[in-house]
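Visitor: the following comprises the amino acid sequence and a computationally predicted model.
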Amino acid sequence: MKKKELEILLEKVEDIKEPDADKEQYSTPATVASELLHFAFMNGDIENRVVYDLGSGNGILGIGAKLLGAKEVVGIERDGRVIEVAQTNSKRLGVKVEFRKCDVREVEGKGDTVVMNPPFGAQRKNRYADRIFLEKAFEVAPVVYSIHNAGSESFLKSFIPHAAIHRFPVAFPLKKRFWFHKKEKKYIGVDIYRMKRE
């Protein structure tokens, strides 16, 4: 499947209603999700692989991985109402994704690849959430694809010194979502990272 075809399919994924700012519930746009997933697919990290989607939200990354031929996809999300949206989305796109309700710290199981758009840890109540997700990701799988603020490479290299890291910059279209957002839409610089345990 071509990247544009994947993006068009992922545009059908419904967003969650009444997102929680403290939990940094930002949905991954179809443009960014298709970039990450196509990058992973071209590296041989999706097709016939067991893929975990940590902090799966509306399910867009896990659903996309299944559309690209993942053998099995497990989505991890602690918010039950968000899981309902993700399950509806997976049915809408005709794929089977197992969504589990649990905190990312409690995840058990092993996979081949992790895909995630973790909280950046920008909100006071969510400080260092990105580190929790990174630590768990490498417990689950040897290859991790993750979205981080532009300029995070030096932090990642120091936090995960045992990983080979490849960076892919993208523009993240951020729609007005919370009361503190001033513009209807703005683009923020983010990087997609492929990190492989050495």
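Guide: Noted; the coordinates are in hand. Residues are numbered from 1 along each chain as shown.
Visitor: now do the helices in this structure.
Guide: 3-10, 30-42, 60-67, 80-92, 129-140, 153-159 (DSSP state H).
Visitor: just checking, what packs against the shortest one?
Guide: In this structure, helix 153-159 makes packing contacts with helix 129-140, strand 163-175, strand 185-197, judged by 3 or more CB pairs under 8 Å, 6 or more residues apart in numbering; DSSP states H and E. In short, each C-beta sits where N, CA and C put it, glycine included.
Visitor: still on that earlier bit, what's the most buried one of the helices of the chain?
Guide: Stretch with highest mean neighbour count among the helices of the chain: helix 60-67 (a mean of 29; mean count of other CB atoms under 10 Å).
Visitor: export that one to CSV, keeping only CA atoms.
Guide: The C-alpha trace of helix 60-67 is given here as CSV (Å, rounded to 0.1, in the frame of the first residue of the first chain):
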residue,chain,number,x,y,z
ILE,A,60,-4.8,5.4,14.4
LEU,A,61,-1.3,4.0,14.6
GLY,A,62,-2.4,0.5,15.6
ILE,A,63,-5.1,0.5,12.9
GLY,A,64,-2.6,1.7,10.3
ALA,A,65,-0.1,-1.0,11.3
LYS,A,66,-2.8,-3.7,10.8
LEU,A,67,-3.7,-2.2,7.4
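Visitor: by how many degrees do it and helix 30-42 diverge?
Guide: 40 degrees (axes from the mean of the first three to the mean of the last three CA atoms, to 10 degrees).
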